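**Student:** sequence isn't available, so here's the structure alone:
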């Protein structure tokens with residue numbers, strides 16, 4: 001999950017830095033630059049990251065469903081998920097190939113080159129390293145903040161529903 005967050009934050013940073021631009025043609029030169037950027041930021045490893053996230057989710061579900069499950073099941077799960085990911089990477093339409101047009105849509109070749117230069121600096125490397133941690137911590141804080149607000153939000157919504165004659169069951173309203 002760390003790398004998925006890293007990739008997500010990398011994309012968010014790229015979009016914030018660049019703004020939306022008129023998409024250039026996806027030339028070989030630009031595709032090569034985008035590939036280098038994706039490798040620097042970890043985005044090129046997305047299928048592996050998604051595979052790991054899938055494995056974590058499936059493993060947790062297996063443990064919940066069958067706490068006594070044979071440990072070999074987790075080895076099989078990992079082997080098969082990663083095999084599918086490797087097979088997909090060999091295809092022409094791999095995930096990375098499908099992502100290029102998205103990067104191309106938001107980044108010019110010049111912006112891509114500037115980001116590559118940045119990510120090769122000590123600060124750029126640090127950004128790649130700490131962004132997943134910062135994202136996880138910020139998401140946890142945001143989740144706690146949202147949970148703290150939930151009772152107040154629920155109360156206001158229920159009061160408004162009552163005021164405007166909207167009938168709802170209280171127990172089905174919110175978590």
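**Tutor:** Structure received. These numbers come from a predicted model, not from an experiment.
**Student:** which parts of stretch 117-135 are buried?
**Tutor:** 118, 119, 124, 127, 128, 131, 132, 135 (16 or more other Cβ atoms under 10 Å). From N, CA and C alone the C-beta is placed, and that goes for glycine too.
**Student:** in which helix or strand does residue 112 reside?
**Tutor:** Here residue 112, judged by DSSP states H and E, is contained in helix 109-119.
**Student:** residues contacting that helix, please?
**Tutor:** 14, 17-18, 21, 24, 27, 29-30, 33-34, 36-37, 40-41, 103, 107, 124-125, 127-128 (Cβ atoms under 8 Å, 6 or more residues apart in numbering).
**Student:** after that helix, next one along is what?
**Tutor:** helix 122-164.
**Student:** mind listing which of the contacts of helix 109-119 are in helices?
**Tutor:** Cross-referencing the contacts of helix 109-119 against helices under DSSP state H gives 14, 17-18, 29-30, 33-34, 36-37, 40-41, 103, 124-125, 127-128.
**Student:** I'd like the distance between residue 53 and residue 168.
**Tutor:** 36 Å (Cβ to Cβ, to the nearest Å).
**Student:** between those two, which one's more packed in?
**Tutor:** For the pair residue 53 and residue 168, the greater number of neighbours falls to residue 53 (16 against 11), based on other Cβ atoms under 10 Å.
**Student:** which is the next helix or strand following the helix or strand that contains the more buried one?
**Tutor:** Following DSSP H and E, one finds residue 53 within helix 46-65. Using DSSP H and E, the helix or strand that directly follows helix 46-65 along the chain is helix 72-90.
**Student:** mind giving me the packing neighbours of that following helix?
**Tutor:** Secondary-structure packing of helix 72-90 (3 or more Cβ pairs under 8 Å, 6 or more residues apart in numbering; DSSP states H and E): helix 46-65, helix 95-106.
**Student:** next, the angle from the longest one to helix 72-90.
**Tutor:** So the one you mean is helix 46-65. With axes from the mean of the first three to the mean of the last three Cα atoms, to 10 degrees applied, the angle from helix 46-65 to helix 72-90 works out at 160 degrees.
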